[in-house]
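Engineer: whatever this is, show me its structure:
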Amino acid sequence: MRFATVSKFMVLGLAILLAASAFAGTKGDLQISDPVTVNGTTLKPGEYRLQWDGNGPNVELSFIQGKKVIAKAPAHIVELQSPAANDAAVITSTDKGARSLAGIRFQGKKIALDLTESGEAMQVAGSNE
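Structural biologist: The predicted structure is shown next:
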């Protein structure tokens with residue numbers, strides 16, 4: 001009787017762990033060489049760990065340095081026709097010189113993150129490869 005109870009708890013615990021990992025999100029890295037704005041926050045040059053959480057194409061993207069979340073932004077997962085040739089930050093600039101992060105590509109991956117409302121940034125970026 002005792003063995004059956006322990007086994008049930010182990011199976012239940014494993015199922016919860018697997019379900020949690022399925023929704024844990026995905027991670028990546030990003031190197032920024034010049035300051036850019038993301039959702040109203042300026043990211044300084046440096047290395048950022050990225051983590052995105054959510055279901056389907058709409059996710060919440062976190063920019064992390066060390067253990068600190070520097071910025072969060074809504075993003076869309078976009079499928080590329082072919083894997084990205086290199087890691088890249090897609091930057092847009094206004095006529096006044098303001099620079100915003102519009103998207104992120106990952107070397108060897110067929111997905112990218114689009115931070116624009118229209119989804120145009122990654123389509124344009126994907127056509128250059």
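Engineer: list the contacts for the residue minimising distance to the centre of the chain?
Structural biologist: Nearest to the mean C-alpha position of the chain, by CA atoms, centre = their mean, lies Trp52 at 4.3 Å. With contacts defined as CB atoms under 8 Å, 6 or more residues apart in numbering, the neighbours of Trp52 are 25-27, 59-62, 75, 77, 113. All C-beta spots, glycine's among them, are computed from the backbone N, C-alpha and C.
Engineer: do the same with Ala71
Structural biologist: Counting by CB under 8 Å, 6+ apart, Ala71 makes contact with 38-39, 41, 43, 62-63.
Engineer: which one of the residues you listed sits closest to Leu101?
Structural biologist: Within the contacts of Ala71, proximity to Leu101 (CB to CB) peaks at Val38, which comes in at 4.9 Å.
Engineer: which of the contacts of Ala71 are buried?
Structural biologist: Among those, the ones that count as buried by 16 or more other CB atoms under 10 Å are 38, 43, 62-63.
Engineer: okay, now Gly56: neighbour count?
Structural biologist: 7 (other CB atoms under 10 Å).
Engineer: for Gln31, report the pLDDT, please.
Structural biologist: We have a pLDDT of 93 for Gln31.
Engineer: now do the one 3 residues further on
Structural biologist: Asp34 is assigned 92 on the pLDDT scale.
Engineer: since we're on it, how many residues are nearby?
Structural biologist: Asp34, neighbours per other CB under 10 Å, totals 10.
Engineer: got the contact list for it?
Structural biologist: Counting by CB under 8 Å, 6+ apart, Asp34 has contacts 45, 91, 99.
Engineer: make a markdown table out of these and add pLDDT and neighbour count.
Structural biologist: As requested, those are exported to a markdown table (pLDDT from 0 to 100; neighbours: other CB atoms under 10 Å):
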| residue | pLDDT | neighbour count |
| --- | --- | --- |
| Pro45 | 96 | 10 |
| Ile91 | 94 | 16 |
| Arg99 | 93 | 17 |
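Engineer: adding distance to Gln107 and secondary structure, write the residues you listed out as CSV.
Structural biologist: Output for those, formatted as CSV (distance: CB to CB, whole Å; DSSP: H, G, I helix; E, B strand; the rest coil):
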residue, distance to Gln107, secondary structure
Pro45, 20, coil
Ile91, 17, strand
Arg99, 22, strand
